[in-house]
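Engineer: Structure for this input, please:
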Amino acid sequence: MSVSLWSEETSEVLRGPGVCRKRVVEGLLQLEEKYLPSPLYITLIQRDPDTREALAKWTLEVCREHRCAESVFLLAVSLLDRYLSTSLSLPVSPTCLTAACILIASKLIGNKAVSPGYLSKAANSNFLPGHLLDMESIVLATLRWDVATVTASDFLPHFLSALSENEDGQRTGHTEGFLSSVRSLSDTLVALCVCDAHLLGTPPSLVAAAALSSACRALGNKAPEMDTITTLLAGLCQTEKVVVQYYSELIDSISTERLRSREKQVWDLDGDKQDEEVKDDRAGTPTDLREIQF
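Structural biologist: Predicted coordinates:
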């Protein structure tokens, strides 16, 4: 009896890149469930989100100042959530814990790791570099050195690839410029999602799909085309189209609220400056008419 060395899978792979993409995404979907935080941790954080949101925003600031890849920020916050989900308590220095997560993520992904000294200065020397290295060891031990967490940045390239070409490898009508703009806006929306406690515990695949859908809609895609994109993303995530639509609209709502909040802060600052100018003008008004220059 002759034995064939021709694998049955090979014929499927040769059908087109869409099959390979689907296999990779399926593998990521199986892995992402392993790294989701516990329901108890999610409940506790959503009751009091301020500290966690502040730490996530500080992580984003440090990563952007150091020009880290977007994936470094996402991995750092994921490590932070996983550690807190396991311990359910903050250490004496929450900033030191956050810096340790940034250090680990930059070593694992980045071309150049963020130095302990840089992180100490970024935290206004709230901890020493030696203490940061000790905290790094604690985080690694708590997570049992399993730090290769699946994040939304792992899904985005595959989702974008699905938008740029079909399963047969043929190019779609989307231009390179459009896809580049979609990726940039998607990265921004994903970062917004990671910092917001309302979306804590949402699978990274769903965050990536919803952010991508929201970005496409923001860049002017029409309703019929958006329906096709949402259906495609839902299929890749192995979920219903309405789920992707729900989270996409939630992202729109969160981003709109953040913009309003920022505009209000700017308006309040401008108002304070005007009040100070009025006070200064009143204080400097000469009481002697001879001092007035007409």
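Engineer: Name the residues that touch stretch 103-114?
Structural biologist: Applying Cβ atoms under 8 Å, 6 or more residues apart in numbering, the contact partners of stretch 103-114 are 62, 66, 68-69, 71-73, 75-76, 79, 102, 116, 119, 132, 136, 139-140, 147-148. All C-beta spots, glycine's among them, are computed from the backbone N, C-alpha and C.
Engineer: what's the closest non-adjacent residue to the most centrally placed residue in the chain?
Structural biologist: Closest residue to the average C-alpha location of the chain: residue 191 at 2.7 Å, with Cα atoms, centre = their mean. Of all residues not flanking residue 191 in the chain, residue 60 sits nearest, at 6.0 Å (Cβ to Cβ, 6 or more residues apart in numbering).
Engineer: Surely the one you found and residue 70 touch.
Structural biologist: No - assessed by Cβ atoms under 8 Å, residue 60 is found out of contact with residue 70, at 9.7 Å.
Engineer: Residues that sit against both of these two, list them.
Structural biologist: residue 191.
Engineer: Next, the contact list for residue 207, please.
Structural biologist: For residue 207, the contact set (Cβ under 8 Å, 6+ apart) comprises 152, 190, 193-194, 199, 247.
Engineer: how about these, which pair is most distant?
Structural biologist: By the measure Cβ to Cβ, 194 and 247 form the most distant pair in those, at 13.4 Å.
Engineer: more neighbours, these two?
Structural biologist: Taking other Cβ atoms under 10 Å, residue 194 and residue 247 do not tie; residue 194 has more neighbours (25 against 22).
Engineer: Tell me, how many residues neighbour residue 39?
Structural biologist: That count, for residue 39 with other Cβ under 10 Å as the rule, works out to 10.
Engineer: roughly how far apart are it and residue 85?
Structural biologist: 10 Å (Cβ to Cβ, to the nearest Å).
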